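Participant: Below is the structure, and that's it, no one-letter string:
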């Protein structure tokens with residue numbers, strides 16, 4: 001959410017930013033916000049006049065009563081009574097205008113960084129760099145769930161009976177591999193100086209609307225019926241919410257945390273739930289990283305965060321590339337975003353495994369996350385988030401890139417970094 005003063009002073013810049021994101025249907029929001037802001041300020045001004053007059057007259061009434069001038073005091077009371085109805089109407093209008101203004105402002109996209117490439121959708125995202133030689137093998141790589149099935153590691157049929165499409169059972173070495181990757185990612189981030197955290201897996205609506213746009217909320221979040229609670233789609237939601245209405249001393253920044261959680265997503269309006277695979281599912285687990293920092297340090301942290309993902313995947317012998325999201329592919333709150341994509345030797349293409357985002361002060365403004373400077377001044381923090389690993393997609397990349405075949409049987413080699421988390425195993429066989 002942008003600062004109303006910024007919109008007031010830069011309406012054309014805000015409109016130009018909306019055009020860069022190819023969301024022209026949101027252009028009328030700017031004029032509507034300006035109209036509501038003007039009406040709200042006029043209403044506030046008149047209400048404040050009446051409040052000041054009420055206070056002034058109340059003091060006069062008290063003085064007159066003290067002097068025994070009851071008749072004059074009653075005349076003053078009549079003035080206050082006559083204006084009370086107007087003031088009550090104005091105060092009700094103040095609340096209505098404030099709510100309408102906030103709702104419209106929350107729909108206006110954040111100002112993207114000037115370095116973001118302009119493009120309509122993800123087809124126009126820009127490759128930044130590739131890391132590692134693409135895995136090439138001289139045998140046919142099975143589909144990822146078929147690889148898991150070879151090791152008796154997955155049961156989607158039973159999960160379908162229990163929970164429906166978009167769920168699965170992991171078992172045996174594949175389930176252990178899933179847990180090993182998560183534990184390795186946790187320790188990897190702790191070694192980078194991040195504090196490990198397990199957050200609440202449900203959050204209130206006030207936090208949901210503080211961390212994401214209405215469109216994302218509708219497409220992703222599962223609502224708990226009859227309660228003001230939602231299942232989290234990522235632990236970023238809980239982790240940023242942890243700092244709602246807080247003021248942190250500047251000297252304590254940056255706050256760097258890495259969190260584990262299950263994640264729940266409707267995937268409404270996305271590419272759909274695959275019947276066979278586990279690329280896009282309703283429930284998965286993830287290790288996340290978030291940073292809360294000073295505004296002038298957010299781009300430096302942005303670059304550190306996506307580089308951590310590259311380093312982690314390369315330590316597991318998985319080739320990756322970084323992809324800069326173009327303007328039309330950025331969610332409304334994002335200032336800049338990189339995807340880290342892993343190489344799929346089966347599909348002969350890269351696919352997304354991590355997403356790193358700088359949200360500027362958008363979440364901080366919505367949630368009241370402030371910083372106290374050395375001089376006592378207060379300002380909004382910047383917030384960033386990035387996937388460390390999300391094992392369903394990580395498992396696909398891991399299995400495809402570490403798969404071996406001796407002419408008769410398949411096996412999966414375990415990179416050295418992961419062996420301590422797999423009981424010392426160097427290879428998985430069946």
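Facilitator: Structure's in. What do you need? Note that this is a predicted model, so its numbers are computed, not measured.

Participant: and the helix or strand containing residue 248, which residues are buried?
Facilitator: Assigned by DSSP states H and E, residue 248 belongs to strand 246-249. By neighbour count on 16 or more other CB atoms under 10 Å, the buried set for strand 246-249 is residue 248. Where you see a C-beta, it was placed from the backbone N, CA and C, and this is true even at glycine.

Participant: what lines up beside it in the sheet?
Facilitator: strand 369-372 (parallel) (DSSP bridges).

Participant: contact partners of the strand it pairs with?
Facilitator: 240, 243-250, 253, 292, 294, 363-364, 378-381, 383 (CB atoms under 8 Å, 6 or more residues apart in numbering).

Participant: can you check stretch 45-64 too?
Facilitator: Taking CB under 8 Å, 6+ apart as the rule, stretch 45-64 contacts 70, 72-73, 76-77, 79-80, 83-84, 86-87, 90-91, 94.

Participant: what do you get for stretch 399-413?
Facilitator: 135, 137, 139, 141-142, 144, 147-148, 150-151, 177, 316-319, 342-346, 398, 414-415, 426-430.

Participant: Try it again at 7 Å.
Facilitator: Stretch 399-413 is contacted by residues 135, 139, 141, 144, 147, 150, 317-319, 343-346, 415, 426-429 when judged by CB atoms under 7 Å, 6 or more residues apart in numbering.

Participant: Restricted to strands, list those residues.
Facilitator: Within these, membership in strands is found for 343, 344, 427, 428, as judged by DSSP state E.

Participant: just checking, what packs against the helix-or-strand element of the chain with minimal mean pLDDT?
Facilitator: Lowest mean confidence among the helices and strands of the chain (mean pLDDT, DSSP states H and E): helix 214-220, at a mean of 83. If contacts are counted by 3 or more CB pairs under 7 Å, 6 or more residues apart in numbering; DSSP states H and E, helix 214-220 sits against no helix or strand.

Participant: Please state the offset of that helix from the chain centre?
Facilitator: 11 Å (CA atoms, centre = their mean, to the nearest Å).

Participant: For that helix, buried residues please.
Facilitator: Per 16+ other CB under 10 Å, helix 214-220 contains these buried residues: 216, 217, 219, 220.

Participant: Let me see the confidence value for residue 229.
Facilitator: Looking at residue 229, its pLDDT is 96.

Participant: I'd guessed it sits against residue 204; true?
Facilitator: Yes - between residue 229 and residue 204 there is a contact under CB atoms under 7 Å: 6.4 Å.

Participant: ok so, going back, run through who's touching the strand holding residue 248.
Facilitator: With CB under 7 Å, 6+ apart as the criterion, strand 246-249 contacts 369, 370, 371, 372, 378.

Participant: Return the residues in contact with the last one.
Facilitator: When the contact criterion is CB under 7 Å, 6+ apart, the partners of residue 378 are 247, 370, 371, 372.

Participant: Can you get me a residue count around residue 209?
Facilitator: Residues near residue 209, counting by other CB atoms under 10 Å, number 17.

Participant: For residue 361, see how far away it is.
Facilitator: Separation of residue 209 from residue 361 (CB to CB, to the nearest Å): 16 Å.

Participant: Same question for residue 29.
Facilitator: Residue 29 is 19 Å from residue 361, by CB to CB.

Participant: Equivalent analysis for residue 52, please.
Facilitator: For residue 52, the distance to residue 361 - CB to CB - is 34 Å.

Participant: repeat for residue 40
Facilitator: From residue 40 over to residue 361 (counting by CB to CB), the distance is 22 Å.

Participant: Likewise for residue 354?
Facilitator: For residue 354 relative to residue 361 (CB to CB), the value is 23 Å.

Participant: which of the two has more neighbours?
Facilitator: A direct count of neighbours by other CB under 10 Å for residue 354 and residue 361 places residue 354 higher, at 28 against 21.

Participant: List the contacts of that one.
Facilitator: Residue 354 neighbours (CB under 7 Å, 6+ apart): 309, 339, 340, 386, 387.

Participant: Please repeat the previous calculation with a cut-off of 8 Å.
Facilitator: Contacts of residue 354 by CB under 8 Å, 6+ apart are 306, 309, 313, 339, 340, 386, 387, 388, 389, 390.

Participant: Can you classify it as helix, strand or coil?
Facilitator: Assigned by DSSP: H, G, I helix; E, B strand; the rest coil, the conformation of residue 354 is strand.

Participant: quick revisit: in the contacts of stretch 45-64, find the pair that's most separated.
Facilitator: Maximum pairwise distance among the contacts of stretch 45-64 (CB to CB): 34.4 Å, between 70 and 94.

Participant: out of the two, which sits in the more crowded spot?
Facilitator: Between residue 70 and residue 94, counting by other CB under 10 Å, residue 94 is the more crowded of the two (16 against 10).

Participant: on that earlier part again, would you list the contacts of residue 354 in a markdown table and tack on distance to residue 22 and pLDDT?
Facilitator: As requested, those are exported to a markdown table (distance: CB to CB, whole Å; pLDDT from 0 to 100):
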| residue | distance to residue 22 | pLDDT |
| --- | --- | --- |
| 306 | 24 | 98 |
| 309 | 27 | 97 |
| 313 | 31 | 98 |
| 339 | 19 | 98 |
| 340 | 24 | 98 |
| 386 | 25 | 98 |
| 387 | 25 | 96 |
| 388 | 31 | 97 |
| 389 | 32 | 96 |
| 390 | 28 | 95 |
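
Participant: Tell me the one among those nearest to residue 199.
Facilitator: Nearest to residue 199 out of those is residue 388 (CB to CB; 14.3 Å).

Participant: Looks to me like that closest one is in a strand.
Facilitator: Yes - under three-state DSSP, residue 388 falls within a strand.

Participant: Tell me how far it lies from residue 151.
Facilitator: Distance from residue 388 to residue 151, by CB to CB: 25 Å.

Participant: higher neighbour count, those two?
Facilitator: Taking other CB under 10 Å, residue 388 and residue 151 do not tie; residue 388 has more neighbours (26 against 19).

Participant: ok, the more buried one - contacts?
Facilitator: So residue 388 contacts 185-186, 188-189, 258, 286-289, 308-309, 312, 354 (CB under 8 Å, 6+ apart).
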